[in-house]
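Student: Whatever this is, show me its structure:
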Amino acid sequence: MARDVSDSTPISSKAEMVGWIAEGEKPASAFRIGTEHEKFPFYRDDLSPVPYEGRAGGNAGGIRHLLEGMAQRLDWEPIVDDGHIIGLAGPDGGGAISLEPGGQFELSGAPVETLHETASELAGHLSDVKAVAEPHGIGFLSLGHSPLWTRAQTPAMPKSRYRIMADYMPKVGSRGLDMMFRTCTVQVNLDFATEADMVRKLRVSLALQPVATALFAASPFTEGALNGFQSMRSEIWRDTDRARSGMLAFAFDEGMSYEAYVDWALDVPMYFVKRGSVYHDVAGASFRDLMAGTLPQLPGERATMSDWANHLGTLFPEVRLKRFLEMRGADAGPPEMLNALPAFWVGLLYDQAALDAAWDLVKGWSAEQRQALRDAVPKQGLDATVAGRTVRDIARDALELSRAGLARRALKNAAGQDETVYLTPLHAIVAEGRTLAQVLESRCRGEWGGKVAPVFLAMML
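Tutor: You can find the predicted model right below:
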């Protein structure tokens, strides 16, 4: 998760909250790509998870040592919570490293202009983090769901906001703690030019998010066994917290706007209010009460722009709107898939012809069809159907639109390759009709002799 925002400007009206989102508008020439990915650290000798302080009684370091090592290597500013280093901030807003609740190590990439820069950033990050982790015997696994560890075996990170979330999650869904502690994703953050541009991009990306979930499905294991799903991570989100997640059916209503999203967000209960360095637990409370100064837990305290930005960051729909749009449907995977995710969406959303054609592809689907597709994909993957077509066929069409969009961008690297090169693994998945999850399942049943542990070596970054 991104670093919390600091802006003490008081909020006096809903229009100011709408305006905060609208300030994200920028001309197409200023559009940027921000890619985020998470990975599971593990000790290479016994495949056990990495606690914050390292192994008790041993000399192997933990998550804290990785952050301290990266801070020294990169000269990035430590982010501290109650005396604990829990992340790093790059210079001039140029990216960040943060921790997810179970120790998942996250890179929030800098906003860059091209997919070539994204690929270079990822390669540099993986080189740095592996160099820091190697002396501690730590490796990194990139899958959508933790394949071996129970929730009880998974360590908890010392982040105040996560303690609040962990207490609240079981009250609103059966899988929230699994989401927090045992999943990893890759996502891309993309810009919009106007309110109308935001709405078109939001609708297209919401409708196609299950297609991305199928293409990137890579979480077929749970607690040392096959779990029957291609994307267990996506299945977990179906019962995490329905008030703050899902397919945002209202986004397809006539008159969809920034204000409509604000109205939805205001109805989602809060997790916390941050004052100074203290996170006040207000889980379940209304943001409207904070605006009015009538929040029971903090009487008289009124909402600020920090509170609004932080609240928006605790909403988890399949596509999230802040001052940009976040694509949230994909499992983490190997480096080529981490690069393919931003490529898929940039090709579709940053080229007007591709965006319009993508809307033509999905505009006939009803809210019920979109939801049924979302519900089917975690298990069925490319074989799921909508409006009489398989996801595999739709993915083939969407990939062609994305390829054409990237080709029209005509941005080449030093080797003379344009950005379409990053779609190669997705073309292979569609051509073969098998997701990475299905490949791993086949290996488990075959050469791995029913064992799951070999996936650590197969999928280690």
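Student: From here on, just use CA atoms for contacts and neighbour counts.
Tutor: Fine.
Student: Quick check: longest strand in this structure by residues?
Tutor: The longest strand of the chain (DSSP state E) is strand 33-43.
Student: Now do it: which elements does it pack against?
Tutor: Contacts defined by 3 or more CA pairs under 8 Å, 6 or more residues apart in numbering; DSSP states H and E place strand 33-43 against strand 105-108, helix 115-133, strand 138-141, strand 185-190, helix 335-349.
Student: what mean pLDDT does it have?
Tutor: The average pLDDT within strand 33-43 is 98.
Student: Also stretch 293-309?
Tutor: On average, stretch 293-309 scores 96.
Student: How far does that stretch stretch from one end to the other?
Tutor: 18 Å (CA to CA, to the nearest Å).
Student: cool, and stretch 48-65?
Tutor: 17 Å.
Student: just so I know, which of the helices and strands packed on strand 33-43 lies nearest residue 46?
Tutor: strand 138-141 (10.3 Å; CA to CA).
Student: helices or strands up against whichever helix or strand comes after the closest one?
Tutor: Tracing the chain C-terminally past strand 138-141 and defining elements by DSSP states H and E, one meets helix 160-168 next. Helix 160-168 sits against helix 176-182, strand 278-281, with contacts defined as 3+ CA pairs under 8 Å, 6+ apart.
Student: Comparing these, which stretch has the densest surroundings?
Tutor: With neighbours defined as mean count of other CA atoms under 10 Å, the helices and strands packed on helix 160-168 peak in mean count at helix 176-182, which reaches a mean of 22.
Student: buried set for the lengthiest helix in the chain?
Tutor: Longest helix of the chain, by residue count under DSSP state H: helix 195-215. Neighbour counts over helix 195-215 (16 or more other CA atoms under 10 Å) mark 195, 198-215 as buried.
Student: what comes into contact with it?
Tutor: For helix 195-215, contacts defined as CA atoms under 8 Å, 6 or more residues apart in numbering pick out 22, 25, 192, 230-231, 234, 247-248, 251-252, 256-258, 318-319, 325, 327-331, 349, 355, 358-359, 362, 370, 373-374, 377-378, 381-382, 391, 394-395, 426, 429-430, 435.
Student: could you give the angle of that helix to strand 185-190?
Tutor: 160 degrees (axes from the mean of the first three to the mean of the last three CA atoms, to 10 degrees).
Student: Just the ones of the contacts of helix 195-215 in strands?
Tutor: 319, 325, 327-331.
Student: Show me just the buried residues among these.
Tutor: 319, 325, 327-331.
Student: then stretch 173-188 to CSV, C-alphas only?
Tutor: Output of stretch 173-188 as CSV, limited to C-alpha atoms (Å, rounded to 0.1, in the frame of the first residue of the first chain):
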residue,chain,number,x,y,z
GLY,A,173,-16.2,-11.1,5.3
SER,A,174,-14.7,-14.6,5.7
ARG,A,175,-11.6,-14.1,3.6
GLY,A,176,-10.2,-10.6,4.6
LEU,A,177,-7.3,-12.0,6.6
ASP,A,178,-6.3,-14.3,3.8
MET,A,179,-6.3,-11.3,1.4
MET,A,180,-4.1,-9.3,3.8
PHE,A,181,-1.6,-12.0,4.7
ARG,A,182,-1.5,-14.5,1.9
THR,A,183,-2.0,-12.8,-1.5
CYS,A,184,0.2,-10.9,-3.9
THR,A,185,-0.8,-8.8,-6.9
VAL,A,186,0.7,-6.7,-9.8
GLN,A,187,-1.2,-3.6,-10.8
VAL,A,188,-0.7,-0.5,-12.9
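Student: Give me the mean pLDDT for that stretch.
Tutor: What stretch 173-188 shows for mean pLDDT is 98.
Student: ok, now stretch 330-344?
Tutor: Stretch 330-344 comes out with an average pLDDT of 98.
Student: re the thing from before, so what touches the longest strand of the chain?
Tutor: Defining contact as CA under 8 Å, 6+ apart, one finds that strand 33-43 is touched by 48-50, 103-115, 118, 137-143, 146, 184-191, 332, 338, 342, 346.
Student: Over to stretch 44-61?
Tutor: Outside stretch 44-61, the residues within contact range by CA under 8 Å, 6+ apart are 40-43, 62-65, 103, 136-139, 149, 153-158, 453, 456.
Student: how long is that stretch end to end?
Tutor: With CA to CA as the measure, what separates the two termini of stretch 44-61 is 13 Å.
Student: Can you give me the buried ones in that stretch?
Tutor: For stretch 44-61, the neighbour count (16+ other CA under 10 Å) marks 44, 47-52, 54, 60-61 as buried.
Student: Any idea which of these the model trusts least?
Tutor: Across the set of these, residue 60 stands lowest in pLDDT, at 84.
Student: re the thing from before, after the longest helix of the chain, heading C-terminal, what element do we hit next?
Tutor: Using DSSP H and E, the helix or strand that follows helix 195-215 in sequence is strand 221-222.
Student: What strands line up against that following strand, and which way round?
Tutor: strand 225-226 (antiparallel) (DSSP bridges).
Student: so residue 79 sits in a strand?
Tutor: Yes - secondary structure of residue 79 (DSSP: H, G, I helix; E, B strand; the rest coil): part of a strand.
Student: which non-adjacent residue is nearest residue 149?
Tutor: residue 223 (5.3 Å; CA to CA, 6 or more residues apart in numbering).
Student: from what I can see that neighbour touches residue 147, true?
Tutor: Yes - if you go by CA atoms under 8 Å, residue 223 and residue 147 touch, sitting 5.6 Å apart.
Student: and residue 421, how many neighbours?
Tutor: 17 (other CA atoms under 10 Å).
Student: could you list every residue that touches it?
Tutor: Per CA under 8 Å, 6+ apart, neighbours of residue 421: none.
Student: measure it to residue 407 for me?
Tutor: 10 Å.
Student: For residue 176, find the nearest of the helices and strands packed on strand 33-43.
Tutor: Taking CA to CA, strand 185-190 is the member of those nearest to residue 176, at 15.0 Å.
Student: Would you agree residue 186 is in contact with residue 335?
Tutor: No - look at residue 186 against residue 335 with CA under 8 Å: they stay out of range, at 10.4 Å.
Student: Please read off the pLDDT at residue 94 from the model.
Tutor: 85.
Student: Low-confidence regions, this structure specifically.
Tutor: 1-6, 57-58 (pLDDT under 70).
Student: Now with 90, please.
Tutor: Low-confidence segments of the chain, defined by pLDDT under 90: 1-8, 55-60, 92-94.
Student: For residue 74, see how far away residue 374 is.
Tutor: In terms of CA to CA, residue 374 sits 40 Å off from residue 74.
Student: hmm, back to that, could you point out which of the helices and strands packed on helix 160-168 sits nearest residue 98?
Tutor: Closest of the helices and strands packed on helix 160-168 to residue 98 is helix 176-182, at 13.7 Å (criterion: CA to CA).
Student: Which strands and helices lie in contact with the helix or strand where residue 98 lies?
Tutor: Using DSSP H and E, the element containing residue 98 is strand 96-99. Packed against strand 96-99, as judged by 3+ CA pairs under 8 Å, 6+ apart, are the following elements: strand 84-89, strand 105-108.
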